[in-house]
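Engineer: This is the structure alone, sequence omitted:
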């Protein structure tokens, strides 16, 4: 019975779906026979597997539509509905057989992914430790004396051990990030509102989102691309948070780290974060520091404020009728909701919005925050002694993210001297999910850490495809910027629409007006030249100095002029155009490879008497010649 050659999507895809699923089910049955595996609450029956495989085979035989996740085995957290499966949310008294499949899960199954089981969790997704479940505490995959992280504990465990290709968790306060950090995984937490939560048992309905566990950022990107809302689809469901897809990549790579990070005495994690910051310095265009105080104040609102009442809306009947059915710690946390009034709720909302204003400056200066995914990794025994305190410590860097409607991705960052995983999380603005996953792929390629829990080395094909861009994005922005097809994700999440714009003079990097591009999030695509059919003139009387580019008529021989081509968000194109004064404008420019892009052109009347500087090859060459004469 064949096992995948590698544990990532590429390895699973090398197997026929039936071979892949036979390997998965044999392994899960063997583990179940040997000892109880607390990562699982329920496993697919042979009939359920066969029905899914038959559907995939029928689609392949009778439809030309591709199945992007064909045959990939996956698991879902057991607070997510799947028709015909029991949903427990970690509470047997709540168990019921779902009649409909959650929208996001149905999209994955329609894309060919095969559901093999539902995973354990902190009861009702209330916890970050992975111990608050009657189905057992899920141990850390590297050392069973430590917590796995929660609440998506089982979903992280089965990916880290290579049982499935990917899994779904949920993430309200860090449940999709903390377990990723503790088990050497990628944990993608989409912007709230990007993925449907219809069919998910709520924790805090206004904050919840599904999350993705995978070994590679590329693989997580493929999953998110399948299950995210299609254009206009979000309008069909109640929306508590809106997501507007942002850029596919960051235009700049400015990253801020906490001024004085807190690790609650965990010196190994403190040293690991210092090492991560040192590594970051070689990848980011700028590394700065940020005072986390307003973010921490926001984080405290989640459990110390009236948002805990959202959890009470789900559990109110159980608390009244079967309080003993609840985990004691969960019962204690949720019962505290009754002390808040409607007045308290409005006051907390006012406080949140006031604190949010204090964070705006961070996003004006930086593209991302790099934070420890968790400040410490506690022992199971320590959590048993102080369950609430230890849990609250783990949410220090995660609890604020959904309250602010931000995007985040947790990525592996190394190992402590004891061999325990350490991870960091990159946090960005609303909608920047695609850019975060692109960055995460570069981060992974630059570190080349082993995958999951001792599953094997980082794949060379992925590393070679991403590493050049991670180290030198400008140098990689030319013809070699596109990753090899074997390494690039087959699908990527939606990004905002953009337009390629060629600049030729004062907007070039290092020139006086380049900031107009940076302010609009324009990203350098390539440095190249025009087709050899242009002339460049130095326009008189321009402040700052600017050239004029003109295409020659007929067969007249011209010059190839240096240009930089930028990917500009279309939403900012109008404000950019408003800054362009006569005689310049935006038109169409032919590049040396024969393609056409929008770019700066000049009205013919302004070229009369303007010096022809085409022989310098471009504006930079001309400016350099002037500097030499000074």
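Structural biologist: Cool, got the structure. This is a predicted model, so every value here is computed, not measured.

Engineer: where are the low-confidence patches of the stretch 501-630 of the chain?
Structural biologist: 630 (pLDDT under 70).

Engineer: what about the helices in it?
Structural biologist: Here the stretch 501-630 of the chain has its helices, by DSSP state H, counting those that start in this stretch, at 514-519, 573-578, 619-629.

Engineer: okay, the ones you listed in CSV with mean neighbour count and distance to residue 131 next?
Structural biologist: Glycine gets a C-beta too; all of them are placed from N, C-alpha and C. What follows is the helices of the stretch 501-630 of the chain, written out as CSV (neighbours: other C-beta atoms under 10 Å; distance: least, C-beta to C-beta, whole Å):
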stretch, mean neighbour count, distance to residue 131
helix 514-519, 15, 47
helix 573-578, 13, 52
helix 619-629, 14, 61
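
Engineer: of all the ones you listed, which lies closest to residue 113?
Structural biologist: Judged by C-beta to C-beta, the one of those that comes nearest to residue 113 is helix 573-578, at 37.7 Å.

Engineer: I'd like to know which elements the closest one is packed against.
Structural biologist: Contact partners of helix 573-578 among helices and strands, from 3 or more C-beta pairs under 8 Å, 6 or more residues apart in numbering; DSSP states H and E: strand 498-503.

Engineer: Quick one: mean pLDDT over the host helix or strand of residue 423.
Structural biologist: Per DSSP states H and E: residue 423 is located in strand 421-428. Mean pLDDT, strand 421-428: 99.

Engineer: Can you tell me the strand partners of that strand and which way each runs?
Structural biologist: Sheet pairing for strand 421-428, assigned by DSSP bridges, gives strand 368-372 (antiparallel), strand 407-415 (antiparallel).

Engineer: returning to that earlier point: reformat the helices of the stretch 501-630 of the chain as JSON lines; add distance to residue 427.
Structural biologist: Below are the helices of the stretch 501-630 of the chain laid out as JSON lines (distance: least, C-beta to C-beta, whole Å):
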{"stretch": "helix 514-519", "distance to residue 427": "21"}
{"stretch": "helix 573-578", "distance to residue 427": "27"}
{"stretch": "helix 619-629", "distance to residue 427": "37"}
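
Engineer: what angle do the helix or strand just after the strand holding residue 423 and strand 368-372 make?
Structural biologist: Per DSSP H and E, the first helix or strand lying C-terminal to strand 421-428 is helix 433-447. Here helix 433-447 runs at an angle of 50 degrees relative to strand 368-372 (axes from the mean of the first three to the mean of the last three C-alpha atoms, to 10 degrees).

Engineer: ok so, going back, run the chain-centre distance for the strand holding residue 423.
Structural biologist: 11 Å (C-alpha atoms, centre = their mean, to the nearest Å).

Engineer: and of the helices of the stretch 501-630 of the chain, who's closest to residue 98?
Structural biologist: When the helices of the stretch 501-630 of the chain are compared by C-beta to C-beta, helix 573-578 sits nearest residue 98, at 45.8 Å.

Engineer: How about residues contacting that closest one?
Structural biologist: Applying C-beta atoms under 8 Å, 6 or more residues apart in numbering, the contact partners of helix 573-578 are 499, 501, 516-517, 520, 568, 586.

Engineer: for stretch 335-347, same thing?
Structural biologist: 305-306, 308-309, 311-312, 319.

Engineer: Most neighbours among the residues you listed, please name it.
Structural biologist: Within the contacts of stretch 335-347, most neighbours by other C-beta atoms under 10 Å means residue 311, with 24 neighbours.

Engineer: For that residue, which non-adjacent residue is closest in space?
Structural biologist: residue 334 (4.8 Å; C-beta to C-beta, 6 or more residues apart in numbering).

Engineer: cool, and residue 176?
Structural biologist: Closest residue in space to residue 176, ignoring its immediate chain neighbours: residue 211 at 2.5 Å, by C-beta to C-beta, 6+ apart.

Engineer: now the contacts of helix 573-578 in CSV, with distance to residue 621?
Structural biologist: Listed next are the contacts of helix 573-578 as CSV, based on distance: C-beta to C-beta, whole Å:
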residue, distance to residue 621
499, 27
501, 21
516, 22
517, 21
520, 27
568, 25
586, 23
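
Engineer: By neighbour count, which of those residues wins?
Structural biologist: Neighbour tally across those (other C-beta under 10 Å): the maximum, 25 neighbours, falls on residue 501.

Engineer: name the element residue 272 belongs to?
Structural biologist: Going by DSSP H and E, residue 272 is in helix 267-281.

Engineer: in this protein, which segments are predicted with low confidence?
Structural biologist: 1-2, 29-35, 463-488, 630.

Engineer: Quickly list the domain ranges of it.
Structural biologist: 9-467, 498-629 (automatic domain parsing).

Engineer: now those domains as CSV including distance to residue 490?
Structural biologist: Output for the domains of the chain, formatted as CSV (distance: least, C-beta to C-beta, whole Å):
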stretch, distance to residue 490
domain 9-467, 6
domain 498-629, 21
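
Engineer: Would you mind finding the most buried of these?
Structural biologist: Comparing the domains of the chain by mean neighbour count (mean count of other C-beta atoms under 10 Å), domain 9-467 comes out on top with a mean of 21.

Engineer: can you give me the strands for the stretch 51-200 of the chain?
Structural biologist: For the stretch 51-200 of the chain, the strands defined by DSSP state E, counting those that start in this stretch occupy 73-77, 86-87, 96-97, 114-119, 166-170, 186-189.

Engineer: I'd like to check the angle between the fifth one and strand 114-119, please.
Structural biologist: Looking back up the chat, that one is strand 166-170. Relative orientation of strand 166-170 and strand 114-119, computed by the same axes, to 10 degrees: 40 degrees.

Engineer: ok, residues contacting strand 166-170?
Structural biologist: 9, 72, 74-77, 79-80, 104-105, 108, 113, 119, 121, 125, 151-152, 155-156, 158-159, 175-176, 179, 187, 200, 203, 208-214, 219-220, 223.

Engineer: redo that, cut-off 7 Å
Structural biologist: With contact meaning C-beta atoms under 7 Å, 6 or more residues apart in numbering, strand 166-170 is reached by 72, 74-77, 79-80, 119, 125, 152, 155, 158-159, 175-176, 200, 203, 208, 210-214, 219, 223.
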